[in-house]
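only geometry, no sequence info:
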């Protein structure tokens, strides 16, 4: 399941501005971090690899839809295997190697990392869902073409 892939540089800039506006922690998305600290803590990038077209945020979709996890943090409605948190949970629990994790989350994170590594991607250790192509075709280029629904 792909959550995020290409992100225009202007959207990354907007996210940076949003973090600098500050605000209290948000129990769904960043429960233990103030918004103004999301960049310093490595949860939001001033310059994102998503803008190079080489990064994807992914998870493994569920086959059995009767037992979907209900994460305490992050995207609540993703129909994925249990990864211990939802996608975009900006919290230490989301670090790929975070321990302890309940249930099958550790095994599912390992399975995802191994599958993506086999496809030529490396994981960003702060986010179990974030992978960048090992041999990026544009490692220094940022793209800024807008995406529209048209």
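Sure, I can see it. Given the structure is predicted, the values throughout are model-derived calculations rather than measurements.

measure residue 30 to residue 78 for me?
17 Å (CB to CB, to the nearest Å). Where you see a C-beta, it was placed from the backbone N, CA and C, and this is true even at glycine.

When these two are compared, which one has more neighbours?
Taking other CB atoms under 10 Å, residue 30 and residue 78 do not tie; residue 30 has more neighbours (24 against 20).

and the nearest residue to that one once chain neighbours are set aside, how many neighbours?
What sits nearest to residue 30 in space, not counting adjacent residues and going by CB to CB, 6 or more residues apart in numbering, is residue 90, at 4.0 Å. Close neighbours of residue 90, defined as other CB under 10 Å, add up to 25.

mind listing what residue 90 touches?
In this structure, residue 90 makes contact with 29, 30, 33, 38, 41, 43, 44, judged by CB atoms under 8 Å, 6 or more residues apart in numbering.

thought residue 51 was touching residue 5?
No: the criterion here is CB atoms under 8 Å, and residue 51 misses it with residue 5 at 10.8 Å.

Pick out whichever of the two has more residues nearby.
Of the pair residue 51 and residue 5, residue 51 is the one with more neighbours under other CB under 10 Å, namely 22 against 12.

quick one: the more buried one from residue 78, how far?
Distance from residue 51 to residue 78, by CB to CB: 23 Å.

Let me know the helix or strand that residue 3 is in.
Counting by DSSP states H and E, the secondary-structure element that holds residue 3 is strand 2-4.

mind listing what that strand pairs with, with the direction of each?
strand 55-58 (antiparallel) (DSSP bridges).

and the partner strand, what's its mean pLDDT?
Per-region confidence: strand 55-58 scores 96 on mean pLDDT.

Which positions in the helix or strand that comes right after it come out as buried?
Using DSSP H and E, the helix or strand that follows strand 55-58 in sequence is helix 105-118. By neighbour count, and taking 16 or more other CB atoms under 10 Å as the criterion, the buried residues in helix 105-118 are 105, 106, 108, 109, 112, 113, 116.

for helix 105-118, packing partners?
Helix 105-118 sits against strand 121-123, with contacts defined as 3 or more CB pairs under 8 Å, 6 or more residues apart in numbering; DSSP states H and E.
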